[in-house]
Every structure is written in structure tokens, then in C-alpha cells.
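*Asks:* Sequence first, predicted coordinates after that:
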Amino acid sequence: MFRIGVVNIDVSHPLAFATYLAQGERARYAAIYNDGFRGDDEVEAFMQRFGIEKRCGSIEEMADSVDIGFVQSCNWNNHIEQAMPFIERGKPVFIDKPVAGSLADCKRLEELAANGAVILGSSSVRYCNEITEFVARPEEERGKIVNVFGTSGLDEFNYGVHIVEGIGALFGTGAASCRFVGRGEVDGKKTETFFVRYENGMTATYNTFLGIWQPFELVIMTTRSTYHIGIDSSKLYAAMLDRICDFMETGKKMAAMPELTESVKIMLAGRISRQTGGGEVLLADIPEDDPGYNGDEFERGYAASASKIYLQ
């Protein structure tokens, strides 16, 4: 059984992940470092509920005593800094979604991975059973993928990245550009649509819905047929955690870093397209100094609206 050290419990994932892992004998949350917005009351409740051994005074201290780090801060601006103590010790680290929020951070993660860092991530939708099973079907049976339409809700990036990573799991890498198509609004509720073009001729469209939860749905058009996939959200975490456990036990690979960062770059290009009138933006043309998505701003808003889920 391998030991997990978690950096921050900002989001609900540590609670859900620990609950699932407690049902088996493969892994446990064993230590915690917390400097996020969750108070001592929630940290202590989390530790007591799941038998977590130690609250560490630094990430470095925790990295010395665990087998893998889980960076689960809601502020993606801090993810690399929080992952470094594990990387420096040659230990794997899982970075929760979004893995990064800017081109600069994407490039830094790619550099770290190219130099041997073991960085796992990031969206559970990428590893969902429905996508895994579809990809495993013989191509001559299902046909070659030509176009995918995907939906998500709640917000543009923090939650919207789920469906873009899901599309990435179907397509692999090779996205050339993204374009903002438009916005729909009824009763103050907004949805936005983005179009992605791939170098090999495939295309994808993803929809975000702001402020309301929406199911993850995919419509896949192939050279043989059209398939509708409704993703079972109740099984998402289990599928990804099983993959992480498989990696820790056998070395079976998960998604490579360029696959993870391409999903972020698609959304960065879509964001720039929206800001500049809706033209096509090549991923290769994202400015080096593009600020990307503001993790600090997101954390402030997330913290302000968060309930004490670890006390419930």
C-alpha cells in the first residue's frame, strides 16, 4: 500500500479520493500539508476521519515521508512550486486539474517531465471508463474519429478543462488552433462555444456553461457512425485513482505531459480568440507573456463561496 501526501484540501477531491481509497488496500492519504483557505477545523476533521498520520510543517518534510504527492490546491498558479519538493526527491506527483493556467507554466511542466520528473494528471474525465472503452474498440469497427462535440458546466476553465481533457483522451495531441464561436444567454445563464482544429483534419467543439452544473456528454462522429457517450460522474474518481494505483504498482503509463498541457493550450487559445473578436488562434501563436487564467482570482472566489465540506 503506498502512502499519499496531500498539498492542500481546497477542493472536494481529497474527501472523495480518500473515501474511495479507504474501500481498498492499494493506497492511503498518510500526511497533509495545508496552507490554503481551509481552516484547522477542516484539516483536523479530514485527518481524523481518514486516519492521516501527520500534519507536516512543510511540503519538503512531507515529501520525505510519502511515496507520492497529490497537489490539490485550487490555485493552479502554485502547482509547480508545490510539486517541486516531490520532483526534487525523485518521487512522483499527481497535480489535480487544471494542471496549469498559463503557457509559461505549461512549458515549465513539459521541461520538467522531459528531464525525468514523474508528473501525473489531471482530469478524471480523461481516464473515464466510457472514453477508455471507446478508444479500445478496434478502429475498423468504430471508424476513425472525425469530429467530437463535448459539454461541461459550472465555469470556463477550472471545470471546463474536464471536457477538453476528455476530448484529448480521444484525439491525442495535434491540436493546431482554437476559435471562439459565440455565446448563448437565456435568463442570465450563459453558454460559450469553442471550435478546435487538429493538424490531421479532425475537429472538436466544446461548450462551457457558466454557473450551472451540466453533465459531461460527448458526441463522437466517425467514418462509420455517430456515438453518444454520457459519462457517469459517479465513477470518474475511481477510474482515475485505479490508473494511479496501477502506475505506482506496475509502472503502467498514464497521459504524458504534452497531452495534459495541450488541453490547457487549447483553452488559452480559445480565451485569446474570444478577447480578440473570435478569429482562429494557433496554439503556436500564443504569446510567451500571455497571462493565461488567473489562479489567484479564482482562489479568492472559490474560497469565498466554499462551505465547510470537511465538517459535514
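*Replies:* Looks like it came in fine.
*Asks:* Going by C-alpha atoms from here, please, whenever you check contacts or count neighbours.
*Replies:* Will do.
*Asks:* mind giving me the domain split of the protein?
*Replies:* Residue ranges for the domains of the chain, per automatic domain parsing: 2-123+236-252, 126-233+264-292.
*Asks:* And those: which comes nearest Y302?
*Replies:* Between Y302 and these, the shortest separation by Cα to Cα is 7.9 Å, and it involves domain 2-123+236-252.
*Asks:* for the closest one, how far is the first residue from the last?
*Replies:* Using Cα to Cα, to the nearest Å, the end-to-end distance of domain 2-123+236-252 comes to 16 Å.
*Asks:* same thing with stretch 73-84?
*Replies:* Start and end residues of stretch 73-84 are separated by 14 Å (Cα to Cα).
*Asks:* got the buried residues for it?
*Replies:* When neighbours are counted by 16 or more other Cα atoms under 10 Å, the buried residues of stretch 73-84 are found to be 73-80, 82-84.
*Asks:* before we move on, what about stretch 258-265?
*Replies:* Under the neighbour-count criterion of 16+ other Cα under 10 Å, stretch 258-265 has 258-265 buried.
*Asks:* Inside helices: which ones of the buried residues of stretch 73-84?
*Replies:* 79-80, 82-84 (DSSP state H).
*Asks:* so, if you compare those residues, which one comes nearest to C56?
*Replies:* After measuring these against C56 - Cα to Cα - the closest member comes out as Q82, at 13.6 Å.
*Asks:* and the closest residue to that closest one other than its chain neighbours, what is it in contact with?
*Replies:* Computed as Cα to Cα, 6 or more residues apart in numbering, the closest residue to Q82 that is not its neighbour in sequence is V71, at 6.8 Å. The neighbours of V71, taking Cα atoms under 8 Å, 6 or more residues apart in numbering as the test, are 6-8, 79, 82-83, 93-96.
*Asks:* now those residues: which count as buried?
*Replies:* Buried members of the contacts of V71, counted by 16+ other Cα under 10 Å: 6-8, 79, 82-83, 93-96.
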